[in-house]
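A.B. asks: Dropping the sequence and predicted coords here.
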Amino acid sequence: QVTLLESGGGLVQAGGSLRLSCAASGRTFSDYAMGWFRQAPGKERDFVAAINWSGRSTGYADSVKGRFTISRDSAKNTVVLQMTSLKPEDTAVYYCAAVRRIGLVVTPGEYEYWGQGTQVTVSS
């Protein structure tokens, strides 16, 4: 069992930045690929970013490329999503997820564990 706890959400003006953190506990963190997803009201949960077990490989949704950066700190069992140049359309609940895989995983249905989510609101 893996427990994930997100933090760092909040209200920010367009063009601003936020840093989301996801603390993992319960199993060997380095065995897991990690991902960030988001869900706006009335919409499906969408892929945002993913990172493989070693941190050497990352992937991003086209809508966030060049603005968001995913990273992991195995010593702290944490994965971070640094978000810059935020837009109102980035407003959503952001979820951290984990799956015991080596490579990148971008499909939400493949993830085994989810956090409770953190709200990000970007005002125009």
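C.D. replies: Here it is on my side, so go on. Given the structure is predicted, the values throughout are model-derived calculations rather than measurements. Residues are numbered from 1 along each chain as shown.

A.B. asks: Tell me who's in contact with Val122.
C.D. replies: The contact partners of Val122, taken as Cβ atoms under 8 Å, 6 or more residues apart in numbering, are Leu11, Val12, Gln13, Ala14, Gly16, Leu86, Lys87, Pro88, Glu89, Asp90, Thr91. (Glycine included, C-beta is placed from N, CA and C.)

A.B. asks: redo that, cut-off 7 Å
C.D. replies: Val12, Ala14, Leu86, Lys87, Pro88, Asp90, Thr91 (Cβ atoms under 7 Å, 6 or more residues apart in numbering).

A.B. asks: Format those as TSV; extra columns: neighbour count.
C.D. replies: As requested, these are arranged in TSV below (neighbours: other Cβ atoms under 10 Å):
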residue	neighbour count
Val12	17
Ala14	13
Leu86	22
Lys87	14
Pro88	11
Asp90	22
Thr91	18
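
A.B. asks: any idea which of those is closest to Ala61?
C.D. replies: Closest approach between these and Ala61, by Cβ to Cβ: Asp90, at 10.8 Å.

A.B. asks: Model confidence score at the closest one, please.
C.D. replies: With respect to pLDDT, Asp90 has a value of 98.

A.B. asks: The nearest residue to it once chain neighbours are set aside and Trp114: what is the separation?
C.D. replies: Spatial nearest neighbour of Asp90, chain neighbours left out: Val122 (5.1 Å); criterion: Cβ to Cβ, 6 or more residues apart in numbering. To Trp114, Val122 is 23 Å away according to Cβ to Cβ, to the nearest Å.

A.B. asks: With that, I have no additional questions.
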